[in-house]
Structures are given as structure tokens and as C-alpha cells.
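K.L.:
Here is a sequence together with a model predicted from it:
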Amino acid sequence: GAGVSQSPRYKVAKRGQDVALRCDPISGHVSLFWYQQALGQGPEFLTYFQNEAQLDKSGLPSDRFFAERPEGSVSTLKIQRTQQEDSAVYLCASSLALPDSGNTIYFGEGSWLTVV
Amino acid sequence: DQQVKQNSPSLSVQEGRISILNCDYTNSMFDYFLWYKKYPAEGPTFLISISSIKDKNEDGRFTVFLNKSAKHLSLHIVPSQPGDSAVYFCAASLYNYQLIWGAGTKLIIKP
């Protein structure tokens, strides 16, 4: 497809289980972002990649969260030993270059994670 | 500490009338402001943006106004249409890549 693709769309994990969320950005997009959106709130920044380089991971809530983009295209967000507070929608977004006035950020549909 | 606030969780407007969605921010370092629209079970889609050096930007039925002294921006939709019913998020740009988001306002357009 032409848009940002995320998988799985829905994931139910038992507390303590590890999960991996995949993002396929729009082809050729340099910048890739992960956001976390809790119910009833706006998205919150997790991390930013420019090609394969993770330039900012200041939003990752704990060391259980890890993101990678080894070849500068597909990205994976991994959450180890999931906890109930990790339940949220995880949004991936990409943009052609730096997301300033000329570069719109395009979002995927999100991966809905529920930890039980 | 919310840097971007949307104080109205929901707004109901008659079809054909003007919808006005408001957003307040606290950080004067924000350099760009954006509005996103979100339907249920979909990701946010970009609507319109405004640079901090401007006070108005218009795109078809959508106009965004920025009042820097009041640290306030608003999105005007006129005329409102049923397809405009969605959740609208205000976001502010920091360091050219990090977006700080409000909690959203659910807009309901009544026929």
C-alpha cells in the first residue's frame, strides 16, 4: 500500500510477555516516529529515527521499551515484560525528511495493545 | 504539566454552521502548530498547519488562527459538514520533529 502500515493491528498480551510491533513506513521516507496514545489522550512522543539512526529516544517510558530500524526502512518497537500500564495504541508515523512546514507526517492506523 | 491543552472534550455543531475548535499552549518555543483529524480505529491525518511567524492560514473550508501573545490557536471549519465529525487534535512542534499533542476535541456535526 501507499501508506504507513502497522502490524499487528490488535494484540492482547499477558502481563510479563514480550511483544514486538512492526511499522512499514512510506517508501523513501527518511524520518520515522513512534508515539503512544492512551485512551482519551493525545499521542505522546516515544522515539525518532532519521534513516537507521535513532536520534531521540527520550520519550521511551522505561528500559523495557526498545526500538530499532536497522536498515533505515522497517522499524520494530519491542516491549519487554509487558505491564498493564503499557496498554495503549502505538502509532507509527513517517515523513519524507524533517517534519517542518514542507514535510507532512503520515500516521499508520496504530497497533492496539492490551495487557491483561 | 500539559504544554498543549484542548479544554473542550466535545463540541456539537449544526450542519452548515461554523465549527470553532480551540487550543492553548504554554511553551513559547514552539515553532509550528498543526491540526490533525482522527476517525475511530484510524491513525491521525494531517489537516492544516501554521508557522509561529504567521497569524492565519487558510485551506478551503479550514482556517487556523494563531494568537501568540495569548498562546492560543483555533481551527475554524465553515461550513461544517457531516463528514467533519471526528476527533480533532492540536499539536505543536518542538525541535522540528517532536510533536506535543493536546487531548483532542470530539466534533459532532448534527444534520
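P.N.:
In hand now; what should we look at?
K.L.:
okay but residue A:20 is in contact with residue A:75, surely?
P.N.:
No. Between residue A:20 and residue A:75 there is no contact, the gap being 10.7 Å when judged by CB atoms under 8 Å. From N, CA and C alone the C-beta is placed, and that goes for glycine too.
K.L.:
Between these two, point out the one with more neighbours.
P.N.:
Between residue A:20 and residue A:75, counting by other CB atoms under 10 Å in any protein chain shown, residue A:75 is the more crowded of the two (25 against 14).
K.L.:
What's opposite that one in the beta bridge?
P.N.:
The bridge-partner assignment for residue A:75, based on DSSP bridges, gives residue A:23.
K.L.:
so residue B:100 sits in a strand?
P.N.:
Yes. With DSSP: H, G, I helix; E, B strand; the rest coil as the criterion, residue B:100 is assigned to a strand.
K.L.:
Would you map the strands across chain A?
P.N.:
In chain A, strands defined by DSSP state E lie at A:5-7, A:10-13, A:19-24, A:31-37, A:44-50, A:53-56, A:65-68, A:75-79, A:88-95, A:106-107, A:111-115, listed in chain order.
K.L.:
residues making contact with the longest one?
P.N.:
The one in question is strand A:88-95. A:4, A:6, A:21, A:23, A:25-26, A:29-39, A:43, A:46, A:75, A:77, A:103-108, A:110-113, B:43-44 (CB atoms under 8 Å, 6 or more residues apart in numbering or on different chains).
K.L.:
Output it in PDB with nothing but the alpha carbons.
P.N.:
Backbone C-alpha positions of strand A:88-95 (Å, rounded to 0.1, in the frame of the first residue of the first chain) are rendered in PDB as follows:
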ATOM      1  CA  ALA A  88      -2.300   1.800  24.600                       C
ATOM      2  CA  VAL A  89      -2.400   2.400  20.900                       C
ATOM      3  CA  TYR A  90       1.100   2.600  19.500                       C
ATOM      4  CA  LEU A  91       1.300   4.900  16.400                       C
ATOM      5  CA  CYS A  92       4.000   4.800  13.900                       C
ATOM      6  CA  ALA A  93       4.500   7.800  11.500                       C
ATOM      7  CA  SER A  94       6.900   8.700   8.800                       C
ATOM      8  CA  SER A  95       7.800  11.800   6.800                       C
END
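K.L.:
Can you list the buried residues in that strand?
P.N.:
Along strand A:88-95, the positions that meet the burial threshold by neighbour count (16 or more other CB atoms under 10 Å in any protein chain shown) are A:88-95.
K.L.:
repeat for the second one
P.N.:
Judged by neighbour count (16+ other CB under 10 Å), strand A:10-13 contains these buried residues: A:11, A:13.
K.L.:
what mean pLDDT does that strand have?
P.N.:
Taken as a whole, strand A:10-13 has a mean pLDDT of 98.
K.L.:
Flag the shaky bits of the chain, pLDDT-wise.
P.N.:
With no chain named, the answer covers chain A. A:1, A:99-103 (pLDDT under 70).
K.L.:
Correction: the question concerned chain B.
P.N.:
Counting by pLDDT under 70, chain B contains low-confidence residues at B:1, B:95-96.
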